[in-house]
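**Q** Make a model of this:
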Amino acid sequence: MNLEPGSGVSDPTGAPRSETLRALEAILMAATAPAEPRLLAQLLEVPAAEVEARCEELAAAYEREERGFVLARVAGGWRFQTHPDLAPHVERFVLDGRHARLSGPALETLAIVAYKQPVSRAQIAAIRGVNVDGVLGTLLRHGYVEEQGHDPGPGRATLYGTTAAFLEHLGLDSLAELPDLAGFVPAADVVEALETGLRMRVEVPADGGPGDEPVPEA
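**A** Here you go, the predicted structure:
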């Protein structure tokens, strides 16, 4: 990779540009999670803008050289990951029958949480039309979903949303990068009418105490 180590160009702190690039590579190689630019800036004692610029420079160099990995901005930080084009090869190596995939129902539930968060268990069940206790528990254990407060309405239902781990595993920097579902779902008024009709079947717990709204029957 041509990073021009002998160019003599320095960053704002006076350190050689090549030294900053090499230090970034070393730290990111050792990182087990996306490294935030602010943290990298503190470690290298350079401005955060300098870190962003150098990471983008490294990412572009890897892409030009058609490496098997990329430097990607994910979940608010930078990390090394395998090139998307090589996913089939990596998948065979990593999975190989040793790691369980998320089931179809779990993926459907995760998609609902991702696009409608914060959302309650009853709202998810209303959209899917089935009880979601089991799959929601699976997503919580995997760390893709977390509790994000309570609904102010009757029953104080727990609200759920996605986590940074969800963004990391999907290779997204923020929820704004989720693909548009406009062409795959009914119009907003149809969805609202459906949810309203199903919500009418949901009752407050018999004891009147706090807790999740009961889910409608499948």
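**Q** got the buried residues for the longest helix along the chain?
**A** Longest helix in the chain, counting residues (DSSP state H): helix 48-64. Residues Glu50, Val51, Arg54, Cys55, Glu57, Leu58, Ala59, Tyr62 are the ones in helix 48-64 that count as buried (16 or more other Cβ atoms under 10 Å). All C-beta spots, glycine's among them, are computed from the backbone N, C-alpha and C.
**Q** now stretch 169-176, how far from the centre of its chain.
**A** Chain-centre distance of stretch 169-176: 4 Å, with Cα atoms, centre = their mean, to the nearest Å.
**Q** How about residues contacting that stretch?
**A** Outside stretch 169-176, the residues that touch it by Cβ atoms under 8 Å, 6 or more residues apart in numbering are Ala72, Arg73, Val74, Ala75, Gly76, Gln81, Pro84, Ala114, Tyr144, Thr162, Leu167, Leu178.
**Q** wait, what's in contact with the residue nearest in space to the middle of the chain?
**A** Nearest to the mean C-alpha position of the chain, by Cα atoms, centre = their mean, lies Leu167 at 1.0 Å. Neighbouring residues of Leu167 by Cβ under 8 Å, 6+ apart: Val74, Ala75, Gly76, Asp173, Ser174, Leu175.
**Q** Mind checking which of those residues are buried?
**A** Val74, Ala75, Asp173.
**Q** what's the closest of these to His150?
**A** Nearest to His150 among those: Ala75, at 25.3 Å, using Cβ to Cβ.
**Q** The closest residue to that closest one other than its chain neighbours and Ser174, how far apart?
**A** Distance criterion Cβ to Cβ, 6 or more residues apart in numbering; nearest residue to Ala75, sequence neighbours excluded, is Leu167 at 4.0 Å. From Leu167 over to Ser174 the distance is 7 Å, taken as Cβ to Cβ, to the nearest Å.
**Q** is it true that Phe80 lies in a strand?
**A** Yes: judged by DSSP: H, G, I helix; E, B strand; the rest coil, Phe80 forms part of a strand.
**Q** Quick one: low-confidence residue ranges for this structure.
**A** 1-16, 94-101, 181-218 (pLDDT under 70).
**Q** Domain map for this protein?
**A** 17-92, 104-199 (automatic domain parsing).
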